[in-house]
Each structure stands twice: as structure tokens, then as C-alpha cells.
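Novice: I need the structure of the sequence given here:
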Amino acid sequence: MATTRTATTQWKGALLDGSGTVSLDSSGVGTFDISWPSRAEQANGKTSPEELIAAAHSSCFSMALSHGLAQAGTPPQTVETRAEVTFQPGEGITGIVLSVRAQVAGLSAEEFQKAAETAKANCPVSKALAGTTISLNAELLS
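Specialist: Residues are numbered from 1 along each chain as shown. Reported below is the predicted structural model:
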């Protein structure tokens, strides 16, 4: 069954001196302030499209990796994924780095690396961001 999620942004003013809010409508978990300086300079308590992409990518990748490992008979005890989305004004998003650390019993570092690469390739958010260079750092914890 397909699902659709929604968010709404309200923006006032021009790009450089304007500001707005983005609300996560489907979940209702909150409304967050956004502005150009929070995107291109310092966050200063506001979010940005890139931070929201990082949240989507890290959670999607963690789910995909966990699912793949469980299907292979080695469900993880823990998976922690950090996504770093780099934004360059005038160019756009120039790259994403996924860094994952996981505890998985009965798996070698090589097997974990392969599972992480498969999750990166098959995660729906990775597929949606296919026009961007996505790098992966994978660490199997003991």
C-alpha cells in the first residue's frame, strides 16, 4: 500500500532577507523556522532543506540496512547512521556522506560493508538522490 507524506512551507520576503516555517503535516510533530542564513551560514536554531534531507536519508538508510541484515539472518542489535549533506550556495547539494556504526552478531567486517553498500544502493531516499554523490563509511562495532 502506497503512502503519501506532506510538509508545508510558508515563506515571507525575498530569499536573502526573508524567512519562513516548514511544518511536518503528516506526522504533526512540529513546525520549524527556516531562513537563507540558516541554510547557507550557521543554523542558529533553524533548520534547512539539507538538514531535512539528512534526517530522511539517515533514517531511510538505517531502516534499509536493518531490513537487509535481518533478511540475511543477522539482525542488528543497533544501527546508528549520520548523514552529512553539503550545500554550496550557487551550486546546490554537492555531496552526502553516510556514516554508519552498528552492532551485528555473527557478521564479519567485510560482510557488514557489503550489506551497508547494498542498503545505500537500495534505500529509497538514496535512489531519489541519485544525482548526488553519496559516500559511505561503515563501522562494525564489537
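Novice: and the contacts of stretch 118-133?
Specialist: Residues from elsewhere that reach stretch 118-133 (Cβ atoms under 8 Å, 6 or more residues apart in numbering): 53, 56-57, 60-61, 63-65, 68, 93-96, 98, 134, 136. No exception for glycine: its C-beta is placed from N, CA and C like everyone else's.
Novice: tell me the buried residues in that stretch?
Specialist: Within stretch 118-133, the residues that count as buried by 16 or more other Cβ atoms under 10 Å are 119-120, 123, 125-126, 129, 132.
Novice: looking at these, which are in helices?
Specialist: With helices taken from DSSP state H, the overlap with these comprises 119-120, 125-126.
Novice: so what's the nearest residue to S48 once chain neighbours are set aside up against?
Specialist: Here the nearest residue to S48 in space, its sequence neighbours aside, is R39; by Cβ to Cβ, 6 or more residues apart in numbering that works out to 4.0 Å. Taking Cβ under 8 Å, 6+ apart as the criterion, R39 is in contact with 48-50, 87.
Novice: now the nearest residue to T78 once chain neighbours are set aside: how far from M63?
Specialist: Computed as Cβ to Cβ, 6+ apart, the closest residue to T78 that is not its neighbour in sequence is Q103, at 4.7 Å. Plainly put, Q103 is 16 Å away from M63 if you go by Cβ to Cβ, to the nearest Å.
Novice: neighbour-wise, which of those two wins?
Specialist: Legend: neighbour count by other Cβ atoms under 10 Å for Q103 and M63, higher for M63 (16 against 13).
Novice: and the host helix or strand of that one, what other elements does it pack with?
Specialist: With elements delineated by DSSP states H and E, M63 resides in helix 49-71, which encompasses its position. In terms of contacts (3 or more Cβ pairs under 8 Å, 6 or more residues apart in numbering; DSSP states H and E), helix 49-71 is packed against strand 78-88, strand 92-103, helix 109-122, helix 124-128.
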